[in-house]
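Colleague: Build the 3D model from these lines:
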Amino acid sequence: MNLQNRIINQFTDSIQTKQDALGELCELIELASQRMVTALLNDRKILSCGNGRSAACAQLLSSALLNQFDRDRPSLPAIALTADMTAMTAIANDYSYEEVFSKPIRSLGQKGDVLVTYTDGNHSANIAKAIAIAHGKDISIIALTGEKSEATSALLSERDLEIRVPSSSAIRTHEVHVLITHCLCDLIDHQLFDGLG
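Modeller: Residues are numbered from 1 along each chain as shown. You can find the predicted model right below:
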């Protein structure tokens with residue numbers, strides 16, 4: 001296979017996964033945006049976390065809420081638990097990597113907040129611990145997952161929302177997570193700021 005055919009295959013696979021996700025996830029994305037808007041209207045915040053590529057998604061979400069997505073508007077309260085490298089490495093060193101998200105949730109999380117978790121593959125102990133601590137603080141979970149995320153799915157309660165990308169490929173799942181994050185930001189802006197001068 002020549003290099004251009006490989007490029008074509010990457011684009012084609014990505015497009016197909018996004019089409020599949022659109023058919024399955026539209027309503028869940030809408031519900032997730034409404035849950036996040038409710039939290040923001042009640043003076044609560046959006047927390048986010050993930051590992052590796054998923055950490056980038058968590059930071060993409062928080063930066064778009066804190067700054068702007070595609071319009072000038074007031075900042076929204078959001079914290080990417082992946083962004084403070086000093087705190088993360090201190091917690092990992094002094095306790096364990098399993099605690100890097102749960103310790104900040106213990107101190108910063110409040111009842112009514114929303115925790116958005118990102119995982120594109122197998123079980124992550126630090127995500128599992130974050131979910132457990134969030135449940136204990138009455139923090140709602142929106143979990144962006146993929147077909148290989150059964151362990152994370154099993155931790156969710158009936159109050160939580162799982163947006164599960166219909167793909168077993170971590171790369172394709174991550175690509176759709178980025179698109180879902182963009183959709184969430186757009187829907188939040190639309191619900192909070194459309195119609196305002």
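
Colleague: Just give me how far the helix or strand hosting residue 192 sits from the chain centre.
Modeller: Taking DSSP states H and E as the criterion, residue 192 maps to helix 170-193. A distance of 9 Å separates the centroid of the chain from that of helix 170-193, by CA atoms, centre = their mean, to the nearest Å.

Colleague: Which positions within it qualify as buried?
Modeller: In terms of neighbour count (16 or more other CB atoms under 10 Å), helix 170-193 has its buried residues at 170, 172-181, 183-185, 187-189, 191-192. Any C-beta I mention is one placed from the backbone N, CA and C, and that applies to glycine too.

Colleague: buried residues in the helix or strand of the chain with the lowest mean pLDDT?
Modeller: The least trusted helix or strand in the chain, going by mean pLDDT, DSSP states H and E, turns out to be helix 150-155, with a mean of 89. Buried residues in helix 150-155, counted by 16+ other CB under 10 Å: 151-152, 155.

Colleague: what residues does it touch?
Modeller: Helix 150-155 is contacted from outside by 117, 119, 122-124, 127-128, 131-132, 143, 145, 162, 164, using CB atoms under 8 Å, 6 or more residues apart in numbering.

Colleague: Tabulate those residues in TSV, adding columns for pLDDT, secondary structure and neighbour count.
Modeller: Listed next are the contacts of helix 150-155 as TSV, based on pLDDT from 0 to 100; DSSP: H, G, I helix; E, B strand; the rest coil; neighbours: other CB atoms under 10 Å:
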residue	pLDDT	secondary structure	neighbour count
117	98	strand	32
119	95	coil	29
122	75	coil	12
123	78	coil	14
124	89	coil	23
127	96	helix	26
128	95	helix	19
131	97	helix	24
132	97	helix	12
143	97	strand	22
145	96	strand	24
162	97	strand	18
164	96	strand	19
